[in-house]
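S.K.: Sequence plus predicted model, see below.
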Amino acid sequence: MSTPRTGRQIGGPEHPRHDDFVAVPYLRQGQLISLIRWSQVNGEWRYTTMLAQYLHRDEESWYLVINGQRAKISRSEWAIFN
């Protein structure tokens, strides 16, 4: 005899982000983190990095302090790196 399934299945985000597959260090509010963004310019891949103070994150965004200003940036564009 099997047990019937109830409720809806809970899945991950529709479009996984880079940091969903790599070990993200334990993030504490106020800690400095490095983020990277890759873009293609004239057929060549280039990267941009930033150092920011971590506030929190949700499924869509990083909430940070950059140069003393609060900022919200997309997790689909920016990934954490060590």
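M.R.: On my side now, so go ahead.

S.K.: Can you get me a residue count around residue 62?
M.R.: For residue 62, the number of neighbouring residues by other C-beta atoms under 10 Å comes to 24. The way it works is simple: take the backbone N, C-alpha and C, and place the C-beta from them, glycine included.

S.K.: Need the phi and psi values for residue 77.
M.R.: phi -100, psi -30 (degrees, to the nearest 10).

S.K.: Contact partners for the spatially closest residue to it that is not a sequence neighbour?
M.R.: Across the structure, with C-beta to C-beta, 6 or more residues apart in numbering as the measure, the residue nearest residue 77 apart from its sequence neighbours is residue 37 (5.3 Å). By C-beta atoms under 8 Å, 6 or more residues apart in numbering, the contact set of residue 37 is 47, 48, 49, 77, 78, 79.

S.K.: out of those residues, what pair is the most spread apart?
M.R.: Taking every pair in those and measuring C-beta to C-beta, the maximum separation is 12.8 Å, between 49 and 77.

S.K.: Which one's more surrounded, these two?
M.R.: When neighbours are counted by other C-beta under 10 Å, residue 49 and residue 77 differ, and residue 77 comes out ahead with 16 against 10.

S.K.: Tell me the confidence at residue 82?
M.R.: Note on residue 82: pLDDT of 80.

S.K.: Isn't it up against residue 33?
M.R.: No. Look at residue 82 against residue 33 with C-beta atoms under 8 Å: they stay out of range, at 9.2 Å.

S.K.: of those two, who's got more company?
M.R.: Neighbour comparison, residue 82 and residue 33: the larger count goes to residue 33, with 19 against 8 (by other C-beta under 10 Å).

S.K.: which parts of the host helix or strand of that one are buried?
M.R.: Taking DSSP states H and E as the definition, residue 33 sits inside strand 32-41. Neighbour-count burial for strand 32-41 flags 33, 35 (criterion: 16 or more other C-beta atoms under 10 Å).

S.K.: Just give the strands next to that strand in its sheet, each with its orientation.
M.R.: On the basis of DSSP bridges, the sheet neighbours of strand 32-41 come out as strand 44-57 (antiparallel), strand 79-81 (antiparallel).

S.K.: Brilliant, that's me finished.
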